[in-house]
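Engineer: Here's my sequence, what's the structure:
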Amino acid sequence: MLHGSLNGIFSFVEVFRCINYLLGLSTSCPTLETWASPNNTTHFGFVPNTTPVQCHSHNDYWHRNPLYDALSAGCVGIEADVWLFQNELFVGHNTNELTLNRTFRSLYVDPLLTLLNQLVVEESDKKLECSLRGLFEGDHCQSLVLLVDYKNHGPSIHPFVKEQLSPLREKSYLTYFNGTEVVRGPITVVATGNAPFDLLTANSTHRDIFFDAPLARLYEDPSENIGQGVVGTTSTSHFDITNSYYASTNFRKAIGTPWRGRFSEKQIQLLRGQVRGAKRRGLKPRYWGVPSWPVGLRNTVWETLIREGVDMLAGDDLMGMATGTWWDSES
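Structural biologist: Sure thing, here's the model as predicted:
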């Protein structure tokens, strides 16, 4: 039943994506060939010598060439929303976007494995600055963050995510915590959405899926729990580099939209308090839900976030994020 419905909504998804593109809410309008052949991506303009930029490809699977567009722009973070149906992980923002051939394995695990295996062959005789050997020629030591958003029942999704990462794990491509320290790998997997904190942290001697901690809750005087990051947590849950990587929250809910493009004093203090709380724990603060329009407001927000110490910009306009002048204001 699910398979039939997935195929049946293909044309609707195409139209929806192209309307978003025309409205400026998305950066691409996918072709039939792109959707039909997600693995046929080796020629999609991936630039292996890209210099990494601290930007995160929000809803990465929406782009014309998932994964490759983000890598070509230099973004060091990508995001896959996964749904578990019939023992398979499908990728899409909503259930009406799911199609049979767009799975977690086909869009992300298999292409990443292919790219990294090829790099190992190409670099076997070269002396590198570090043992990591990531995907970015501009910085071999930069790990790519694969953010996996658990969309439906997190405890059920988690074993499938863990199992499907096995090919990357077996090649030692994943960042992991060994009970004493964090060992960096070419890929750092972070779980968000309905990801269960208790299951992610159950193994105290080996963890290679890290948590996306609730940024708003890390403020010095938390009075409200805003955004993701609550499944499997308690009021005493502790977030640090041994179990988490990002600390994220919804920008509009946690900070609010700047009035006439200006942050109020209260908004700046909220922002600074949340950023301090995350960095004190060794985590990378990240806001999602940043206004995408008008572009002037979006750019003001991005510039302010970078200036105030946010480690990762999240958005759909990859080249806009990667090439903006806000990086010049980074302290």
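
Engineer: Counting by contacts, list what the helix or strand containing Val189 packs against.
Structural biologist: Under the criterion of DSSP states H and E, Val189 resides in strand 187-193. Applying 3 or more Cβ pairs under 8 Å, 6 or more residues apart in numbering; DSSP states H and E, one finds that strand 187-193 contacts strand 144-150, helix 154-164, strand 209-214, strand 244-250. In short, each C-beta sits where N, CA and C put it, glycine included.

Engineer: Which residues does stretch 157-165 contact?
Structural biologist: Applying Cβ atoms under 8 Å, 6 or more residues apart in numbering, the contact partners of stretch 157-165 are 82-84, 87-89, 104-105, 109, 148, 150-151, 174, 189, 191, 194-196, 199-200, 208-209.

Engineer: number of nearby residues for the residue nearest to Pro196 when sequence neighbours are not counted?
Structural biologist: Sequence neighbours aside, Gly232 is the residue nearest to Pro196 in space, at 3.6 Å (criterion: Cβ to Cβ, 6 or more residues apart in numbering). Counted with other Cβ atoms under 10 Å, residues neighbouring Gly232 total 19.

Engineer: Reduced to three states, what does Gly232 come out as?
Structural biologist: At Gly232 the chain is in coil, as set by DSSP: H, G, I helix; E, B strand; the rest coil.

Engineer: what sits against it?
Structural biologist: Here Gly232 is in contact with Gly154, Pro155, Ala195, Pro196, Phe197, Asp198, Leu199, Leu200 (Cβ under 8 Å, 6+ apart).

Engineer: which among those residues end up buried?
Structural biologist: Neighbour-count burial (16 or more other Cβ atoms under 10 Å) is assigned, among those, to Gly154, Ala195, Pro196, Phe197, Leu199, Leu200.

Engineer: Can you list which of the residues you listed are found in helices?
Structural biologist: In helices, judged by DSSP state H, the following of these are found: Gly154, Phe197, Leu199, Leu200.

Engineer: Reformat those residues as CSV; add distance to Glu265 and pLDDT.
Structural biologist: CSV is the format used below for those (distance: Cβ to Cβ, whole Å; pLDDT from 0 to 100):
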residue, distance to Glu265, pLDDT
Gly154, 37, 97
Phe197, 33, 97
Leu199, 40, 97
Leu200, 37, 97
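
Engineer: Ranking helices and strands of the chain by mean pLDDT, which lands last?
Structural biologist: Within the chain, no helix or strand scores below helix 32-36, which has a mean of 35 by mean pLDDT, DSSP states H and E.

Engineer: Which of the helices or strands spans Gln267?
Structural biologist: Following DSSP H and E, one finds Gln267 within helix 265-280.
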